[in-house]
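K.L.:
Fold the following for me, if possible:
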Amino acid sequence: MKNFINLKDISAKDLRKILDDAKKRKNKRKKLNTIDIDKDEPLKGKLLIQMYEKQSSRTRLSFHISINQLGASSITVKAKELHLGKGGESLADTAKILSTYGDGFLLRTDSDKKIDDFSKNLSIPIINLLSPSSHPCQVLSDIFTIEEIKKKPISNLNICWIGDCNNVLNSLIATSIKFRFNLNIGCPKNYSPPKFVMDWVKKNKGKINIFNDPKKAAKNADVVFSDKVFSLNDKGNKAKKIRDFKNYRINSSLMKVTRNHSIFLHCLPRGNEVSNDVFFGKKSKVWQQALNRVHVQKSILLYCFGKLR
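P.N.:
Sure thing, here's the model as predicted:
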């Protein structure tokens with residue numbers, strides 16, 4: 001049994017195994033429909049319990065499909081519907097109940113501490129579907145998409161992030177260490193990754209550069225990432241933050257400084273941080289990116305259950 005909480009805590013070897021397995025599984029499904037179950041049914045008889053404390057479209061839908069294709073079943077619950085919290089039941093007792101009924105627990109939450117506390121009290125694997133500091137399933141799927149399109153290891157590519165330092169960027173930073181790729185970050189001065197993150201990067205000899213000029217960050221990039229400027233975790237002044245990022249919009253002018261065959265990725269939902277001509281343009285691979293969540297998450301589930309081939 002293994003947990004999947006934060007990419008920085010998982011070895012590069014295991015992350016590569018997940019990506020390799022996802023590639024094999026995706027190739028074997030070319031003639032299958034979305035609802036068809038994989039022939040080997042590796043998680044047949046397993047019950048996965050999903051809990052969402054935050055809104056979700058892609059994660060919720062893609063994990064439902066992933067679980068079904070592996071031959072398992074799932075139950076989706078809302079935290080407010082359980083006795084946890086308002087009902088007075090402790091997290092430890094809730095974890096025991098989840099471990100009694102289910103074979104795995106998937107949590108999307110606004111509390112990193114809650115994921116940590118659940119991991120200490122569960123006797124089944126836990127997968128982080130999103131937390132304030134991490135979005136591991138999203139980013140590992142993005143690595144898969146990049147290598148699928150570029151047909152080369154990400155270590156040979158220049159990656160650029162334009163936007164706020166959020167949970168997606170934190171996970172992207174972690175993968176830059178694990179897979180040793182160059183990562184340029186373009187953001188306003190007061191929105192850089194926190195010191196403890198950069199200290200970890202320095203300790204692990206990461207190849208990360210921070211620019212306050214988005215075009216300098218994007219120069220010669222093979223991949224440009226972005227995310228919504230004001231995200232689900234933000235509790236500050238929305239109008240001020242949007243003003244601070246007004247010069248960091250990804251448009252055709254910015255994409256011109258990237259490499260000829262560069263691509264644009266966005267985890268969605270989007271706001272005004274990307275222009276329509278880029279979002280719907282030839283360089284945009286956001287729909288392929290979203291679809292690949294299904295394939296990589298299947299292999300993440302198999303990793304947690306010790307069933308990677």
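
K.L.:
which residues of the stretch 1-150 of the chain fall in helices?
P.N.:
Taking DSSP state H, counting those that start in this stretch as the test, the helices found in the stretch 1-150 of the chain are 12-28, 58-69, 91-101, 112-121, 136-150.

K.L.:
for the ones you listed, which one sits closest to N156?
P.N.:
Smallest distance to N156 across those (C-beta to C-beta): 8.2 Å, for helix 136-150. Using the backbone N, CA and C atoms, a C-beta is placed for each residue, glycine as well.

K.L.:
Starting from that closest one, tell me the next helix or strand along the chain.
P.N.:
Downstream of helix 136-150, the first helix or strand assigned by DSSP states H and E is strand 158-162.

K.L.:
got the angle between that next one and helix 136-150?
P.N.:
Relative orientation of strand 158-162 versus helix 136-150 (axes from the mean of the first three to the mean of the last three C-alpha atoms, to 10 degrees): 130 degrees.

K.L.:
Give me the contacts around strand 158-162.
P.N.:
Strand 158-162 has contacts (C-beta atoms under 8 Å, 6 or more residues apart in numbering) with 146, 169, 172, 176, 181-187, 214, 217-218, 220-226, 248, 250, 254, 258-259, 273.

K.L.:
Domain ranges for this protein, per the record?
P.N.:
7-135+293-304, 136-289 (automatic domain parsing).

K.L.:
would you turn those domains into a markdown table with distance to M1, mean pLDDT and mean neighbour count?
P.N.:
Below are those laid out as a markdown table (distance: least, C-beta to C-beta, whole Å; pLDDT from 0 to 100; neighbours: other C-beta atoms under 10 Å):
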| stretch | distance to M1 | mean pLDDT | mean neighbour count |
| --- | --- | --- | --- |
| domain 7-135+293-304 | 5 | 95 | 18 |
| domain 136-289 | 17 | 95 | 18 |
